[in-house]
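1. what would the 3D arrangement of this be:
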Amino acid sequence: MPVRDLLTRNLGLVDLWVPDDLDYDPPQAMLAALAERTGVDLARLKAMTWVGWQPWLFDMLPVPLQASQPVFDTYVRDSSVLLAPGEAGVNNVLHHGQRWAGPWYPYRPLRRTCPLCAADSERGRALVWRLPLMTSCVEHRCRLEDAGEVAVSITLGRPGPGPVLPAAPLFTVDGYTYEALTTGRVALPGRSVHAGVWFRLLRGLLDEVSLALTSRSVHGRAVLERIWQATGREERAGLKVWRPYEHLKPEIQEEMLHAAGTALHLAADGAITARGRFASALRPPAERHVYDGDRPSPHRTAWQEAVTELEAALTLARTDRDTARQLLALLTLGCRTLDRFEQERAYLFGAGVPAEFLPGARELGREDLT
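-> Just a heads-up that it's a prediction; the model follows:
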């Protein structure tokens, strides 16, 4: 059955328009019909599309041409990590010659898969693998490969791309991203953050490691140099002219992700000092001394003695009428109103002293009460 018939006639939607990319923003009527026939919750179906990941992963889809720069500045540049706020990318602006479609939306289509997942006929490809956001399958700890090459090798039974372990910095980034996608939060060394914060933090970090070192402050340049030296790769992955991450070639994008993962490791270990708005999330907080408090005095205080005597008097007043009368007289000595006297009398009654042991104000000779 052709796909168009499967999604129109088969769902009872004969006149429905079927978009070329169903993963982008399928018609609501189609999602509702699929939910009814499959039993899958509509919200879950929505989350299987790009539009369903607004505003956590994408700020908006699509990004209007006139809003490209404001969205870029808000999503990427405001989320400073390594560099001081306002320092990141001050000399770089988007050029409309190559339209920026939004954060994470690839300029060049990506068709990747995990070789181990592809070998299992019961599994599909993760939607997020079509974005320049991850480089590996976290479940199998396996590098993503070209989906076409993997499919041909499986279909023809020929040797194809085998499982390749990703580099540690790359797997660190992928692990955080996978945690964000599956749980909605990410436990970073400094603190736990919402998934939406993680995606903006990572995108800001990728922007910072792509910047020209000569246009940074002394601190910023030293930090970026330290990161690229630790990667063992050429600074900026050989990038000569700045372009947004989404417009870079896949191999350069992977180098930038490697640098971002390296920066996370260095910041967590204290090898570099981050100064951005999200800097506190990268490094465990320093140990802080908590005051142990004063040692209790070995000597009894006057208050402790008074409490002990009151408890003893209450115990005796519960069975001795004279003690109850004397205790009531003592507690009401400072009372000036009848209401206040009755409150103290009620307290003793509540503490277990029988009502008949507690005389009224006139019986105690308190004629002065108003």
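
2. doesn't His289 belong to a strand?
-> No - when DSSP: H, G, I helix; E, B strand; the rest coil is applied, His289 is found to be coil, with no strand at that position.

3. that one - how many residues pack around it?
-> When neighbours are counted by other CB atoms under 10 Å, His289 registers 5. Just so you know, the C-beta spots here come from the backbone N, C-alpha and C atoms, and that holds for glycine as well.

4. against Pro359, how distant is it?
-> From His289 across to Pro359, the span is 58 Å (CB to CB, to the nearest Å).

5. tell me the centre residue of the chain?
-> His194 (1.8 Å; CA atoms, centre = their mean).

6. quick one, what contacts it?
-> Going by CB atoms under 8 Å, 6 or more residues apart in numbering, His194 touches 56, 184-186.

7. go again with 6 Å.
-> For His194, the contact set (CB atoms under 6 Å, 6 or more residues apart in numbering) comprises Arg185.

8. model confidence for it, exactly?
-> Looking at His194, its pLDDT is 94.

9. and it, how close does it get to Gly204?
-> 15 Å.

10. just to revisit the earlier point, name whatever forms a beta bridge with the residue nearest to the centre of the chain.
-> Beta bridges link His194 to Arg185 when assigned by DSSP bridges.

11. measure it to Leu94 for me?
-> His194 sits at a distance of 26 Å from Leu94 (criterion: CB to CB).

12. next one: Leu133
-> 20 Å.

13. compare those two (neighbour count), which wins?
-> Leu133 (22 against 16).

14. surely that one forms part of a helix?
-> No - Leu133: not assigned to a helix; according to three-state DSSP it is coil.

15. and the closest residue to Tyr24 other than its chain neighbours, what pLDDT?
-> Excluding the flanking residues, the one nearest Tyr24 by CB to CB, 6 or more residues apart in numbering is Trp50, at 5.1 Å. Reported pLDDT at Trp50 in the predicted model: 90.

16. what about Trp50, neighbour count?
-> 21.

17. phi first, then psi, for it.
-> phi -60, psi -50 (degrees, to the nearest 10).

18. quick check: it vs Tyr107, distance?
-> From Trp50 to Tyr107 the distance is 15 Å (CB to CB).

19. try His194
-> 27 Å.

20. now Glu311
-> 80 Å.

21. those two - which one has more neighbours?
-> Tyr107 (16 against 10).

22. these two touch, right, the more buried one and Glu246?
-> Yes - judged on CB atoms under 6 Å, Tyr107 makes contact with Glu246 at a distance of 5.3 Å.
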